[in-house]
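Fold the following.
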Amino acid sequence: MNTLAQYFLSLLPSTNAVYHEGRKRVIADVGCLYDSLRTIPGIDVYPTGANFVLFKLNGEINATEMQARLLNEHRMYVRDCSNKIGMDNFHIRVASQGREKDSQLVEALRILLP
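Below is the predicted model of the structure:
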């Protein structure tokens, strides 16, 4: 191991606590987003272990339409997953943006879903 590598390894213990604090916050935020999305009628929410949540719309509006409406009417972006293998044109992926923005997304979805 060279001196440069040793220097960067010496930094790890001091950032370890900060890293784990951030990681725990993201996990908690995604869990809260998942739980909130599950309360919305008209969508099926899939369990997640990532920083995003996948769900399927069960109504007449498809993922492309929902993506456009969220962007145009609420200035929010979600990922239309209709081009992903194994998914149809009703699948959407949302990344957690923190609890405040996630709450705004949930409220926008409640407004837009019939």
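
Residue 55 falls within a strand, correct?
Yes. Residue 55 sits within a strand when classified using DSSP: H, G, I helix; E, B strand; the rest coil.

gap between it and residue 65?
Summarising the geometry, the distance separating residue 55 from residue 65, computed by CB to CB, to the nearest Å, is 15 Å. Using the backbone N, CA and C atoms, a C-beta is placed for each residue, glycine as well.

same deal with residue 28?
Between residue 28 and residue 65 the distance is 31 Å, computed by CB to CB.

before we move on, what about residue 79?
14 Å.

for the protein, which spans come out with low pLDDT?
1, 9, 13-15 (pLDDT under 70).

middle-most residue in it, spatially?
Residue closest to the mean C-alpha point of the chain, counted by CA atoms, centre = their mean, is residue 95 at 2.0 Å.

Tell me if I'm right that that residue and residue 51 touch.
Yes. The pair residue 95 / residue 51 is scored as a contact, 5.8 Å apart, by CB atoms under 8 Å.

Neighbours of residue 50, how many?
11 (other CB atoms under 10 Å).

mind listing what it touches?
Residues in contact with residue 50, defined by CB atoms under 8 Å, 6 or more residues apart in numbering, are residue 30.

For it, I want the exact helix or strand it lies within.
Residue 50 is located outside every helix and strand, with elements delineated by DSSP states H and E.
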